[in-house]
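Q: here are the coordinates; sequence isn't available:
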């Protein structure tokens, strides 16, 4: 058996806690999830959650930051391969908009926003992660819109905020009143934001 260094052990604990946190938040929501349950699912004590993340809110922030980084990497790769408008629209329209986990995650995110509205420091951290993500998506879309000769129908910073809110709203709606085809709704909006070239 290979012995891990202390740093490797700490990284493994960190990763296990992130995975367990993601699963518990999906299963129970943010408000009902407890540090004890997350730690137990990961095979650790609650002290490990506090040591690595400072608590439930810190764990949530680490998860959304990792998810934002993963989303950006996937989007960069998909848009870099895009040869035209249709491929850009496909890259911006996540296949999981109707996915039950996406809906559960959006519900948990709504709980976090409500719970942290009275916690200015935590709210500022969440806003900073979102702002960084949005800024990077705007820069990516601007670069590839120029490359492909696309002319967005609205400023890209506004389009990114609108598309993010719509995606979250559609996923959240799936938890209580499923839309017949949320992907088609998002595609229609994206086609409006990125209109075809005038002939």
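A: Yes, it's here. Predicted model only: the values in this text are computed from it and were never measured.

Q: what packs against the strand or helix carrying residue 125?
A: Following DSSP states H and E, one finds residue 125 within helix 120-148. Other elements packing on helix 120-148 under the criterion 3 or more Cβ pairs under 8 Å, 6 or more residues apart in numbering; DSSP states H and E are helix 56-81, helix 85-92, helix 100-116, helix 156-176. C-beta coordinates here come from the backbone N, C-alpha and C atoms, glycine included.

Q: Need the residues that contact the shortest one.
A: Under the criterion Cβ atoms under 8 Å, 6 or more residues apart in numbering, residues 75, 78-79, 81-82, 141, 144-145, 148, 150, 163, 187, 190-191, 194, 196-197 lie in contact with helix 85-92.

Q: Buried by neighbour count: which residues of that helix qualify?
A: If you call a residue buried by 16 or more other Cβ atoms under 10 Å, then helix 85-92 has these buried ones: 85, 88, 89, 91, 92.

Q: From residue 25, how far off is the last one?
A: For residue 92, the distance to residue 25 equals 25 Å [Cβ to Cβ, to the nearest Å].

Q: which residues of the protein score low on pLDDT?
A: Across the chain, the stretches falling below the confidence threshold (pLDDT under 70) are 95-99, 179, 198-199.

Q: how about TSV for the helices and strands packed on helix 120-148, with distance to residue 47 added?
A: Formatted as TSV, the entries for the helices and strands packed on helix 120-148 read as follows, by distance: least, Cβ to Cβ, whole Å:
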stretch	distance to residue 47
helix 56-81	13
helix 85-92	42
helix 100-116	23
helix 156-176	33
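
Q: contacting residues for residue 14?
A: Taking Cβ under 8 Å, 6+ apart as the definition, contacts of residue 14 comprise residue 52.

Q: and residue 192, which of the three is it?
A: Taking DSSP: H, G, I helix; E, B strand; the rest coil as the rule, one finds residue 192 in the helix state.

Q: doesn't residue 153 make contact with it?
A: Yes - assessed by Cβ atoms under 8 Å, residue 192 is found in contact with residue 153 at 6.3 Å.

Q: what about residue 178, neighbour count?
A: The number of residues packed around residue 178, counting by other Cβ atoms under 10 Å, is 13.

Q: next one: residue 35
A: Other residues near residue 35 come to 20 when the count uses other Cβ under 10 Å.

Q: Quick check: it touching residue 44?
A: No - with contacts counted by Cβ under 8 Å, residue 35 stays clear of residue 44, the gap being 10.4 Å.

Q: Identify whichever of the helices and strands packed on helix 120-148 lies nearest to residue 21.
A: Nearest of the helices and strands packed on helix 120-148 to residue 21, taken as Cβ to Cβ: helix 56-81 at 4.5 Å.

Q: packing partners for the closest one?
A: Identification of packing neighbours for helix 56-81 by 3+ Cβ pairs under 8 Å, 6+ apart yields helix 6-32, helix 35-42, helix 46-53, helix 85-92, helix 100-116, helix 120-148.
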